[in-house]
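**Q** I would like the atomic coordinates for the input below:
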Amino acid sequence: MIKQLLTYRMYRTAKAQRISQGQPASSSQLSTLTPASQHGFTLIETLVALLLITVAIIAPMSLVTQSLLAAYYARDQITASNLAEEGIELIRSARDDAVLSTAEGNTVDLLGPILSACTTACYIDTTKQDNPPVIVPCASGGCPKLNVNSSLGLYGYSSGDGWSPSDFTRTITVQSIRTDANNNNSTEEIKVTSIVSWKTINFQTQGVTLSENMYNWVSPGAGAGG
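**A** As a prediction, this is how the structure comes out:
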């Protein structure tokens, strides 16, 4: 760089001397002093500068993008975990409602109806506030997507004003673990599995799965007449 600056300065000095002596500055005579490579060197410098600027911009932008994706995934994972836990609690609520009916002296199969409705897959709409909760078997194509009411902070299967489709699908399945041969093979233990799946912002399918065993711990008619 210093060498080229000195060459360029010599070129300017020689040109000025010839002009002061009344002689035209011939380009052929001064060609050996002309910094011929100056323009090419400036282009290389420009390209290198552009490369450095591009790297300096892309690297932080990539970091920001990855941070946003991680934040969105964490948000959706927390929501899915809560919805999966809610699915477990909905089945527990259905069983406990049957327990209350048994305590009133009614003969009720605590786990049988749950098992028959959810052997393949089922869902319960919490927004309906049914008592006892209504267990709906899913269609052959799978359970429907949950809707969300952002103003109320609720997920359910309602539609209308304030409700819009969400990214989450909840599927509840129930498996028989143990039966009682001495009590007409009634179901004594079931395994409840609640699966919540969703698609991330980059269209990858993710899911959260929770399982819990529940028991028929109340004899029919217990508490009657109390």
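
**Q** Report the separation between the closest residue to residue 145 other than its chain neighbours and residue 210.
**A** The spatially closest residue to residue 145, leaving aside those adjacent along the chain, is residue 169, at 5.0 Å (C-beta to C-beta, 6 or more residues apart in numbering). Every residue, glycine included, has its C-beta placed from N, CA and C. According to C-beta to C-beta, to the nearest Å, residue 169 and residue 210 sit 15 Å apart.

**Q** Looking at those two, which is more packed in?
**A** Each of residue 169 and residue 210 had its neighbours counted (other C-beta atoms under 10 Å), and the higher figure belongs to residue 169 (21 against 17).

**Q** Can you name the element that comes right after the helix or strand harbouring that one?
**A** Using DSSP states H and E, residue 169 maps to strand 164-180. Scanning forward in sequence from strand 164-180, with DSSP H and E defining helices and strands, the next element found is strand 186-199.

**Q** ok and the following helix or strand past that following strand relative to strand 186-199, angle-wise?
**A** Once strand 186-199 ends, the next helix or strand along the chain (criterion: DSSP H and E) is strand 205-215. Strand 205-215 and strand 186-199 are oriented at 160 degrees to each other (axes from the mean of the first three to the mean of the last three C-alpha atoms, to 10 degrees).

**Q** Now do the strand holding residue 169: which elements does it pack against?
**A** With contacts defined as 3 or more C-beta pairs under 8 Å, 6 or more residues apart in numbering; DSSP states H and E, strand 164-180 has these neighbours: helix 38-103, helix 112-118, strand 122-124, strand 145-149, strand 186-199.

**Q** Would you indicate which residues of it are buried?
**A** By 16 or more other C-beta atoms under 10 Å, the buried positions in strand 164-180 come out as 166, 167, 168, 169, 170, 171, 172, 173, 174, 179.

**Q** Which pair of these spans the longest distance?
**A** 167 and 179 (38.5 Å; C-beta to C-beta).

**Q** Name whatever forms a beta bridge with residue 122.
**A** On the basis of DSSP bridges, residue 122 takes part in beta bridges with residue 137, residue 172.

**Q** was I right about it contacting residue 136?
**A** Yes. Counting by C-beta atoms under 8 Å, residue 122 touches residue 136, with 6.1 Å between them.

**Q** Those two: who's more crowded?
**A** Counted by other C-beta under 10 Å, residue 122 and residue 136 do not tie: residue 122 has more neighbours, with 21 against 17.

**Q** how does the chain divide into domains?
**A** The record's domain parsing of the chain by automatic domain parsing lists 2-59, 82-215.

**Q** do you know which of those domains lies nearest residue 70?
**A** Of all the domains of the chain, domain 82-215 sits nearest to residue 70, with 10.7 Å by C-beta to C-beta.

**Q** Between the two ends of the closest one, what distance do you get?
**A** Taking C-alpha to C-alpha, to the nearest Å, the first and last residues of domain 82-215 lie 23 Å apart.

**Q** now that domain: mean pLDDT?
**A** The average of the pLDDT scores along domain 82-215 is 90.

**Q** From the chain's centroid, how far away is that domain?
**A** Taking C-alpha atoms, centre = their mean, to the nearest Å, one finds the center of domain 82-215 at 22 Å from the center of the full chain.
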